[in-house]
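**Student:** Any chance you can model this:
(one chain, ligands or ions: 1)
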Amino acid sequence: MSNKLTNPTDIARETLKQLAARRISPTPERYEELYTEISGIATRSSGHEAALLPELLNALHKLPRQSPELLRDISLIEKAAQNRDWTSIPTILSQAIESQAGQASLTRAWSELIRELVTQWDLRSAHFSHSRKQESLAKVLLNFGNYPNLLNEKLDALVRGWADGSSAAGDIDVAEPETELEPAAEGAKPSDAGAAAVGGLDWRVWRELLVQALRIGMVQCLGPFPELQEEASSLALGAESVSSEQGMDFLAQRMKKFWVQLELKRENDNRIASGLVNLLLLLSDNLVALSGEDSWVQGQVAVVRDILAKPLSMSRLYDAEVGFKEVVYKQGMLRHSLDETEETLKRMISLFIDRLGSMADTTGGYHDKIAAYATRIGGSQGLVDLQQLLDELMQDTRVMQLDMARSREELLAARAQAEAADGRVKELETELRAVSEKVRVDQLTGALNRRGFDESFATEIARVARSGKPLCLALLDIDNFKRLNDQRGHQAGDDALVHLVKVIKDALRPTDTVSRYGGEEFVVLMPELVLSEAANVMRRMQRDLTRQFFLHNNERVLITFSAGVTRYVPGEHPETTVERADQSMYEAKKAGKNQVNVAEPPVAGG
Ligand SMILES: Nc1nc2c(ncn2[C@@H]2O[C@H](COP(=O)(O)OP(=O)(O)OP(=O)(O)O)[C@@H](O)[C@H]2O)c(=O)[nH]1
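**Tutor:** Numbering: from 1, shown residues only. Here you go, the predicted structure:
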């Protein structure tokens, strides 16, 4: 009270008012104590002690470890003060201080404990599978989350057990603590005594986080597993309707079962995915063995193997799918022509054989006729007969000559056609090889694809080793591309990619290359430029894009990109250069997009 009352009647009236307001029973001692407090006149030592009490309690509440023991001591001090038992307060206070000191030495520093927990969590252990660790950790958190000191102790035991590999660690005493302990959270915040809090957060906040995690994180991802998806939805509903902290405990039991199911499903998925990859590798091995000299098949198989060798990602699969569709379509067309040509060749050959057959027939007939003529010549009766015979013979010979000449011409024509067909087969095979080569090029934009990029980067790196000249690399990513797709459709997105690559190519020298690195990510390789020059090239490209608009439905759409530029350091792994550019591009995105960020490689040895 700032204005101290001086008139005894006013002080007495105020004292009575305060007794009623504070619900203090109006005993003579209480009246006297309050009167002293209001008047500000400390006539007896008890007034000083009572005035000190709130400060003392406040200080106790601010101690770092709000253990159940301390909270009990605080409530004992409050009770003693109510009973005006001032003499026992110093004893309780010294007990409380001793217990604080004891607790401090018993518990392990949280930061150290959590570091150890994370390390042990990641380490593989012969005794503890990941799911077993998860289960015991969940038990400890569930049962001791509200008792910081016990939690510290139990976690410490758990982590030590994991580290020792002692199988007993899985069986540490994780039963709930004795109920006489009041949860620390009850009194941890004197200003918010009713709100039970775990690690500083109200359980209601945890409930909300859990509902969101289930709805956004789980339900959405569990599409392929309807039962699990249903369980996640029902858990989210259950969590939403929880109205007390105990309700959360009950929910935790269901959550644990759900985790176990999830873990099993995940392991199963991993096995299926690795099984499929192995199967594909086996198939591709057999394809290579079967295809023999067919280099176009080998080219495609090499692409599949490239993809399988790296961790699968949606953008890689997308690239492969686009490339394959194009190749399959073109090969289908070429195969058709090839089949037709082979058919023609077969027809030629059978015609040739027919002709040979009929020639043999004709010559066979001629032999017969000659033999007949010889017999008749032998039996001829005179020159007139012979003259007659010779006339017939000459006639037949002329017919046969004509037959022969016709057969010969037909045979020559057939041979010419067969040679032409053979030439066409060779031509088609060359074309097929060219199509196979195209798997180095992104079919949509005409930029190099990942395979093409890997090859051209390797070539440029070899050139740097020979010439010692610089090589710069920029990674660029279109800004807000998802929005463009969503607002204008996927086809517009595709057209925008084609437009961007055209603008990029126009801005580059013939020695530079642009490759499609992912969906809307491109890599530009700029040999023989220093970093500042390469950054300027990228900035010029950004200016070009503001002049050469992308037209969609006759509407001008501005495409922008963010880029990271860096320099290849001789000897470093190519992926390191790309990662540095990627990180730098990410910085450009963070800084507001539509900008070029330059990443100087770290100084060697520094
Ligand atoms: N039309 C089309 N869209 C693609 C292609 N490849 C990837 N995308 C889409 O590109 C979008 C990329 O979105 P995000 O990764 O969220 O990036 P963003 O919207 O550009 O956002 P910022 O990178 O942060 O600016 C996704 O919607 C993909 O579906 C493609 O070949 N064609």
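**Student:** Look up how far Thr459 lies from Ala20.
**Tutor:** 93 Å (Cβ to Cβ, to the nearest Å). Any C-beta I mention is one placed from the backbone N, CA and C, and that applies to glycine too.
**Student:** Next: Glu427.
**Tutor:** Taken as Cβ to Cβ, the span from Glu427 to Thr459 is 29 Å.
**Student:** do the same with Leu471
**Tutor:** Distance of Leu471 to Thr459, given as Cβ to Cβ: 11 Å.
**Student:** Please apply the same query to Ile478.
**Tutor:** Distance from Ile478 to Thr459, by Cβ to Cβ: 27 Å.
**Student:** Please state the offset of stretch 417-437 from the chain centre?
**Tutor:** 43 Å (Cα atoms, centre = their mean, to the nearest Å).
**Student:** got the CA positions of that stretch in PDB?
**Tutor:** Extracted in PDB, the C-alpha atoms of stretch 417-437 (Å, rounded to 0.1, in the frame of the first residue of the first chain):
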ATOM      1  CA  GLN A 417      16.900 -54.400-103.700                       C
ATOM      2  CA  ALA A 418      18.500 -56.700-101.100                       C
ATOM      3  CA  GLU A 419      21.500 -54.400-101.000                       C
ATOM      4  CA  ALA A 420      19.200 -51.400-100.600                       C
ATOM      5  CA  ALA A 421      17.300 -53.100 -97.800                       C
ATOM      6  CA  ASP A 422      20.600 -54.000 -96.100                       C
ATOM      7  CA  GLY A 423      21.700 -50.400 -96.400                       C
ATOM      8  CA  ARG A 424      18.400 -49.300 -94.800                       C
ATOM      9  CA  VAL A 425      18.800 -51.700 -91.900                       C
ATOM     10  CA  LYS A 426      22.300 -50.300 -91.300                       C
ATOM     11  CA  GLU A 427      20.900 -46.700 -91.500                       C
ATOM     12  CA  LEU A 428      18.100 -47.600 -89.000                       C
ATOM     13  CA  GLU A 429      20.600 -49.100 -86.700                       C
ATOM     14  CA  THR A 430      22.700 -46.000 -86.700                       C
ATOM     15  CA  GLU A 431      19.600 -44.000 -86.000                       C
ATOM     16  CA  LEU A 432      18.700 -46.200 -83.100                       C
ATOM     17  CA  ARG A 433      22.200 -45.600 -81.700                       C
ATOM     18  CA  ALA A 434      21.700 -41.900 -82.100                       C
ATOM     19  CA  VAL A 435      18.400 -42.100 -80.200                       C
ATOM     20  CA  SER A 436      20.200 -44.000 -77.500                       C
ATOM     21  CA  GLU A 437      22.700 -41.200 -77.300                       C
END
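**Student:** Tell me where the stretch 1-150 of the chain is predicted with low confidence.
**Tutor:** 1-4, 41-51, 61-68, 99-108, 146-147, 149 (pLDDT under 70).
**Student:** Most proximal residue of it with respect to the ligand?
**Tutor:** Asp122 (28.9 Å; Cβ to the nearest ligand atom).
**Student:** at contact distance from the ligand, anything in stretch 544-557?
**Tutor:** No: for stretch 544-557 and the ligand, the contact criterion (Cβ under 6 Å from any ligand atom) is not met; the two come no nearer than 11.9 Å.
**Student:** any idea of the mean pLDDT for that stretch?
**Tutor:** Averaging pLDDT along stretch 544-557 gives 93.
**Student:** who's in contact with it?
**Tutor:** Stretch 544-557 has contacts (Cβ atoms under 8 Å, 6 or more residues apart in numbering) with 484, 488, 492, 495-496, 499-500, 503, 506-507, 558-561.
**Student:** Span of it from start to end?
**Tutor:** 13 Å (Cα to Cα, to the nearest Å).
**Student:** Okay, buried residues for that stretch please.
**Tutor:** Leu545, Phe550, His552, Val557 (16 or more other Cβ atoms under 10 Å).
**Student:** Might one say that Glu29 is in contact with Thr36?
**Tutor:** No: applying Cβ atoms under 8 Å, one finds Glu29 not in contact with Thr36, separated by 10.7 Å.
**Student:** Neighbour count for those two, which is higher?
**Tutor:** Thr36 (20 against 9; other Cβ atoms under 10 Å).
**Student:** Put the alpha carbons of the strand or helix carrying the more buried one into CSV.
**Tutor:** If you go by DSSP states H and E, Thr36 is part of helix 28-39. The C-alpha trace of helix 28-39 is given here as CSV (Å, rounded to 0.1, in the frame of the first residue of the first chain):
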residue,chain,number,x,y,z
PRO,A,28,-6.6,-11.1,18.2
GLU,A,29,-3.1,-12.1,17.0
ARG,A,30,-4.1,-11.9,13.3
TYR,A,31,-5.8,-8.6,13.8
GLU,A,32,-2.7,-7.2,15.5
GLU,A,33,-0.4,-8.5,12.8
LEU,A,34,-2.4,-7.0,10.0
TYR,A,35,-2.9,-3.8,11.9
THR,A,36,0.9,-3.5,12.1
GLU,A,37,1.4,-4.3,8.5
ILE,A,38,-1.2,-1.7,7.4
SER,A,39,0.0,1.0,9.7
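**Student:** Tell me the gap between it and the middle of its chain.
**Tutor:** 71 Å.
**Student:** Also stretch 245-255?
**Tutor:** With Cα atoms, centre = their mean, you get 32 Å for stretch 245-255.
**Student:** pLDDT (mean, whole number) over it?
**Tutor:** 80.
**Student:** Next, the buried residues of that stretch.
**Tutor:** For stretch 245-255, using 16+ other Cβ under 10 Å, the buried residues are Glu245, Met248, Leu251, Ala252, Met255.
**Student:** again with stretch 19-35
**Tutor:** Leu19, Arg30, Tyr31, Glu33, Leu34, Tyr35.
**Student:** Figure out the length between the terminal residues of that stretch.
**Tutor:** 10 Å.
**Student:** ok, the nearest residue to Leu448 once chain neighbours are set aside - contacts?
**Tutor:** Using Cβ to Cβ, 6 or more residues apart in numbering and skipping the chain neighbours, the partner closest in space to Leu448 is Ser515 (3.9 Å). Taking Cβ under 8 Å, 6+ apart, we find Ser515 in contact with Asp442, Ala447, Leu448, Asn449, Arg450, Gly452, Phe453, Ser456, Phe522, Val523, Val524, Leu525.
**Student:** Am I right that Ser515 is in a strand?
**Tutor:** Yes: assessed with DSSP: H, G, I helix; E, B strand; the rest coil, Ser515 lies in a strand.
**Student:** Can you get me a residue count around Arg115?
**Tutor:** 12.
**Student:** thinking again about what came up before, can you tell me which of the contacts of stretch 544-557 is closest to Ala371?
**Tutor:** Asp495 (82.0 Å; Cβ to Cβ).
**Student:** Now the helix or strand hosting that closest one: buried residues?
**Tutor:** Using DSSP H and E, Asp495 maps to helix 490-507. Along helix 490-507, these residues count as buried under the neighbour rule (16+ other Cβ under 10 Å): Ala492, Gly493, Asp495, Ala496, Leu497, His499, Leu500, Val501, Val503, Ile504, Lys505, Ala507.
**Student:** same check, this time on stretch 214-229
**Tutor:** Buried, per 16+ other Cβ under 10 Å, within stretch 214-229: Leu214, Arg215, Met218, Val219, Leu222, Phe225, Leu228, Gln229.
**Student:** just how off-centre is the helix holding Asp495 within its chain?
**Tutor:** The answer for helix 490-507 is 25 Å, by Cα atoms, centre = their mean.
**Student:** and that helix, is it in reach of the ligand?
**Tutor:** Yes: Helix 490-507 is in contact with the ligand by Cβ under 6 Å from any ligand atom, via His490, Gly493, Asp494, Leu497.
**Student:** likewise stretch 577-594?
**Tutor:** Yes: with Cβ under 6 Å from any ligand atom as the criterion, the ligand is reached by stretch 577-594 at Lys589, Lys593.
**Student:** closest to the ligand among the buried residues of helix 490-507?
**Tutor:** Of the buried residues of helix 490-507, the one sitting nearest to the ligand (Cβ to the nearest ligand atom) turns out to be Gly493, at 2.4 Å.
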